[in-house]
Structures are given as C-alpha cells and as structure tokens.
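> Sequence and predicted structure below; questions after.
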Amino acid sequence: MTDTPFVRPDVRGFLDYLNAMPGPRTHQMTPEAARQVYVAMKDVADLPVGELALIRDVSIPGPAGAIPARLFDARETREPGPAMVFYHGGGFVIGTIDTHASFCAEMARVLDMPVVSVEYRLAPEHRWPAAPDDCEAAARWVAGSPAELGRTVTGLVLCGDSAGGTLAIVAAMDLRDRPAKVPVIVQAPIYPAADTSKSYPSFDAFADGFLLTRDTMLWFADAYAADVANSRGSPLIGRMEGLPPAVIVTASLDPIRDQGRAYAAALVQAGVPVVFREAAGNVHGFVTLRKAIPSSAGDVAGYLAALKDAIVEAEGARVMAQAAAA
C-alpha cells in the first residue's frame, strides 16, 4: 500500500501505547498465557457491563459435553421473539464469555432482545471442527426454545466478532443446509476471517503495528488447523445462495479487512440482502475496545442501528409469510 492509511487520533494513541509495551507478543506466548493476557486487558480496554435486567449462566448440551453459555437480557420476561446467538472472537484460541460480556450486554440493551453468548471449545486443545460443531449445536439449542432459556424464540440472529464472525457465518450455512426449529433471520459477522484459503492485500498492508498482526494470525491458524478447502473452515469458498440477510462490519486498518469485504460482495452477487459498514481509521477488535478507543462507541452504535433495522425487516417478512401460508 503506497498511500498512508487514515488512522483516527484515539486509535493512533492506543496503537502507540500497545506497540511501546515491553514483553512477548501473542504469537510468542503459550495459548494459556495469551488467554490470561487477553482477559486481563478486558477492564483496561473495554467498558463495564452496566445495568441489565438479567445475566444468567446456562449449559447447552454439545457434541462433546456441556457447552457453557450466558444469557443477557434487558427484560426479566418477554413475549415470543427473535434471539441472538453470539460467538466471541479470539482467533479460535483465546477469548471467553467474560471478555465479550460488555459488548453482549450492550447488544441486549440496544436491540432489546435476548443474547446467548457461547463458550465454544478452543484450539489447540480442541482443533477444527470442534468450534463450529459447538456453535451449530448452540444455535440449534436456542432455536428449540429450551425451558432453561425461559424464552420462546421465533428466529435466530447469528453474530460474532473475528473468529466468532467466521463461526456465525459457518453456523448460518449449517442451519441453511439443515434447518433448525426456527430460521436464522439475520447473520451479523463483525470483521470475520471469511476466507483463509488465499491471500488478500490487506493481510500484507496491515501485517504489523495495527494490533492484530500477521504473525498472530498465522499462530491462530496453526493452532486451529482448519481445512481451508472446506467451507466450514473457510466459508467464502462455500455456496452463498439461500443464506439469511447480512449486516457486516469491517475495520479499515485490519489485516483481514479484505476477507470481510469479499464475503459481503459474494453475498450481494448471490442475491442476499447485505448492509455493509466499514469503521474507517479503526483497527480489528474495536467492539471490545470502547474504553481504549472511545470513537469505537460510534462504530458500535452505527452497526447496532443497522442490525436493528435488519431484524425488524426480517421479522416483518417472517410474519407476512406466516399470514400468507395460513
């Protein structure tokens, strides 16, 4: 990239702080050490969880045992309606329900819907396809309106950031091909790694110095060991037709930016309704950096406004289709 990219002032300040920090980088750590650092950064980088009517841990039956999950809801009880299933980011190696709790709580408040955050199995202890298997199972469980959830679910919104965005796409494909008890009405991946089967220009343009680095991405990929010739490992090589409407956001200074752009373009080509947003001058991970990078709050607000519109539209279409079939 010959042109100097636009970097917001608060992003530049955070990057200068990060890049000056001593000690090993993520790809130089053990997975356990990297997880501890990521959890420790949470309160430094992100906002508090804040007020919410309901935060409750639940357990989901999975293909290899119980999958921990957490329900976030702005209401104690609610009428039947859609629910979100959220998959946290962290390269399939790091990240927890706790690292993304603040963002899930914000989504529950702004969207006024239940959010179920899923603690899928992590690599390298559990390599691909353990994570997508858990994520599919969790989505099917929520779709079944289990008693433990205490909510009647009429449709699913699948959401996740980074690796979780990839998992949201894969789960949407899984449930398109083998439908759950209720449909996926919207997919909402945030800066997803949608295609690791080939190289994209942004991977080199932002290889170092912009928080997520090429070395860390390669470290994640080695731990996860996905089959990139399989659509559950690299979803962009799969079939786009028949997928649910999408709300996609990328960051302009992200090494995997172009993968998210390519996924949005492929959906448009396949006739899938898409809202695409890009956080100009911001970095990968911004949804959980709202304290460290205050302008990220605006990116999150814009994304959630677009997502809310898409959910309302999808719910309207579902109700009309039911009426027509009656």
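Sure, I can see it.

> pLDDT of the helix or strand containing A137, averaged?
Mapping A137 onto the secondary structure by DSSP states H and E places it in helix 130-143. For helix 130-143, the mean pLDDT works out to 98.

> Stretch 157-164 too?
98.

> which parts of it are buried?
Buried positions in stretch 157-164, judged by neighbour count with 16 or more other C-beta atoms under 10 Å: 157-164. Using the backbone N, CA and C atoms, a C-beta is placed for each residue, glycine as well.

> Among these, name the ones in strands.
Applying DSSP state E to the buried residues of stretch 157-164, the entries found in strands are 157-161.

> Identify, from those residues, the entry nearest to E136.
Ranking those by separation from E136, with C-beta to C-beta as the measure, puts L158 on top at 10.2 Å.

> Give the closest residue to the closest one in space, chain neighbours not counted.
Residue nearest to L158 in three dimensions, not counting chain neighbours: A168, with 4.3 Å by C-beta to C-beta, 6 or more residues apart in numbering.

> Please point out which parts of the helix or strand encompassing the one you found sit buried.
Under the criterion of DSSP H and E, A168 resides in helix 163-177. By neighbour count, and taking 16+ other C-beta under 10 Å as the criterion, the buried residues in helix 163-177 are 163-176.

> residues in contact with whatever helix or strand R261 lives in?
Using DSSP H and E, R261 sits within helix 257-269. Residues from elsewhere that reach helix 257-269, judged by C-beta atoms under 8 Å, 6 or more residues apart in numbering: 165, 169, 189, 191-196, 200-203, 206, 235-236, 240, 243, 246, 248-251, 254, 274, 276, 278.

> Any quick PyMOL command for the buried ones out of those residues?
In PyMOL, a selection of the buried entries from these looks like this (16+ other C-beta under 10 Å):
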select buried, resi 165+169+189+191+192+193+194+195+196+200+202+203+206+235+236+240+243+246+248+249+250+251+254+274+276+278
